[in-house]
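> quick check, what structure comes out for this input:
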Amino acid sequence: MILSIESSCDDSAIAITEIETGKLVFHKKISQEIEHSVYGGVVPELAARLHAETLPKILEQTKPYFSQLKAVAVTSSPGLAVTLIEGVTMAKAISIALGIPIIGVNHLVGHIYSLFIEKETTFPLTVLLVSGGHTQVMEVKSLTDIKTVAKSMDDSFGESFDKVAKMMGLGYPGGPLIQELAKDGDRLKYNFTVPLHQSPLIAFSYSGLKNAVRLAVEEAGENKELYKDIAASFEHIATKHLTMKLKKYFKTNPPQRLAIVGGASANLYLRSQIEELLKPYNAELLLSELQYCSDNAAMIGRVALDMYKQGDFSELKELNISPKSQL
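Predicted structure coming up:
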């Protein structure tokens, strides 16, 4: 079995995956959402302290499996430096104590592999990654052949939801809160400009839209009823920006299989609009199970499973965190 650890941001998670069958035999995640919600976003130092408290408690529950472990895997990039180090330090200690090899995993590859937890891999595919830290399109041919073809120039899709929720005083994380508020709103009430709609670039940007929403929130003042329309209009334009740029990309690269991964891939409006976009191409849409959309250790373990089989291990002394690593 492989024990995997995820601590790239504000979720403490540990999983155990059986090597021969790919079965997930243990998975536990402890979220820090309540602790960070009072600040409207993740406070890195607080997140690190909470990881230091919760990861050992989860690890204690995995002791019955220690004798069967053949490797330990851990998210080593990208993420918050102070939280990544908590997981990597624990993984190194386990590697030394049990005399087993260590596998450093890229968190973004983990999101791709969230599609394949307890399943076989299905490549090639086009992947749209939407999360709190990243918005990018990748062509994925294999574990080692991943090419980024478009990415955000500033804020990410998920980050923009968090910031809009903070403007409205809704709390954190913003994705589910904005989605719920938008259900009863008028998506066409506010005519926000679609970012980069006249640009030939296949790229993403959310800073301008975020500022337009801020002005709308300020204008609404104490009239909280308008927040529903603002949320709905924002969600509509934020999603339309993605679909317009994907459509432009598809003109020269028509998809056969498109996957949406990352925490923000749980957004139901986004899923419905991507489904509509894919109809003319008769393309297959792949989605992670909702429980595996956000950060988790099961997806890290699934990547590690393929890396283990390929003999792709990390040198203990050379495994370091890489907070800003990209694909």
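
> so which residues of the stretch 201-327 of the chain form strands?
257-261, 284-287 (DSSP state E, counting those that start in this stretch).

> compare these and give me the one nearest I58.
Nearest to I58 among the strands of the stretch 201-327 of the chain is strand 257-261 (23.6 Å), distances taken as CB to CB. (Each C-beta comes from the backbone N, C-alpha and C, glycine too.)

> lowest average confidence, helix or strand, in the chain?
Using mean pLDDT, DSSP states H and E, the weakest-scoring helix or strand in the chain turns out to be helix 33-37, at a mean of 92.

> verify the stated contact: L209 with F234.
Yes. Here L209 reaches F234: they are 7.1 Å apart, a contact under CB atoms under 8 Å.

> got any residues that touch both of those two?
With contacts taken as CB atoms under 8 Å, 6 or more residues apart in numbering, L209 and F234 have 160, 192 as neighbours in common.

> the two: who's more crowded?
F234 (30 against 20; other CB atoms under 10 Å).

> residues in contact with the more buried one?
F234 is in contact with 160, 164, 178, 182, 190, 192, 209, 213, counting by CB under 8 Å, 6+ apart.

> try 10 Å
Residues near F234 by CB atoms under 10 Å, 6 or more residues apart in numbering: 160-161, 164-165, 167-168, 178, 181-182, 185, 187, 190, 192, 206, 209-210, 212-213, 216-217.

> so where do the helices sit in the stretch 201-327 of the chain?
Under the criterion DSSP state H, counting those that start in this stretch, the stretch 201-327 of the chain carries helices at the ranges 207-220, 226-250, 268-278, 297-309.

> figure out which of those is closest to S4.
Counting by CB to CB, S4 lies closest to helix 297-309 out of these; the figure is 3.5 Å.

> show me how far the closest one is from its chain's centre.
Here helix 297-309 is found 16 Å from its chain centre; the criterion is CA atoms, centre = their mean, to the nearest Å.

> heads up, I number from 52, so please use that
Sure, I'll start numbering at 52, so the last one becomes helix 348-360.

> who are the packing partners of that helix?
Judged by 3 or more CB pairs under 10 Å, 6 or more residues apart in numbering; DSSP states H and E, helix 348-360 is in contact with strand 53-57, strand 62-68, strand 75-82, strand 122-128, strand 153-157, helix 158-164.

> now do the buried residues in that helix.
By neighbour count on 16 or more other CB atoms under 10 Å, the buried set for helix 348-360 is 348-359.

> in space, what's closest to R353 - neighbours in sequence excluded?
Leaving aside its sequence neighbours, R353 sits nearest to Y164 (CB to CB, 6 or more residues apart in numbering; 4.3 Å).

> can you count the residues close to the one you found?
Neighbourhood size, Y164 [other CB under 10 Å]: 26.

> pLDDT wise, what is it at?
Listed pLDDT for Y164 reads 98.

> separation between it and S58?
Going from Y164 to S58 by CB to CB, to the nearest Å gives 17 Å.

> can I get the helices and strands packed on helix 348-360 in JSON lines with distance to S323?
Shown next, in JSON lines, are the helices and strands packed on helix 348-360 (distance: least, CB to CB, whole Å):
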{"stretch": "strand 53-57", "distance to S323": "29"}
{"stretch": "strand 62-68", "distance to S323": "26"}
{"stretch": "strand 75-82", "distance to S323": "26"}
{"stretch": "strand 122-128", "distance to S323": "31"}
{"stretch": "strand 153-157", "distance to S323": "30"}
{"stretch": "helix 158-164", "distance to S323": "21"}
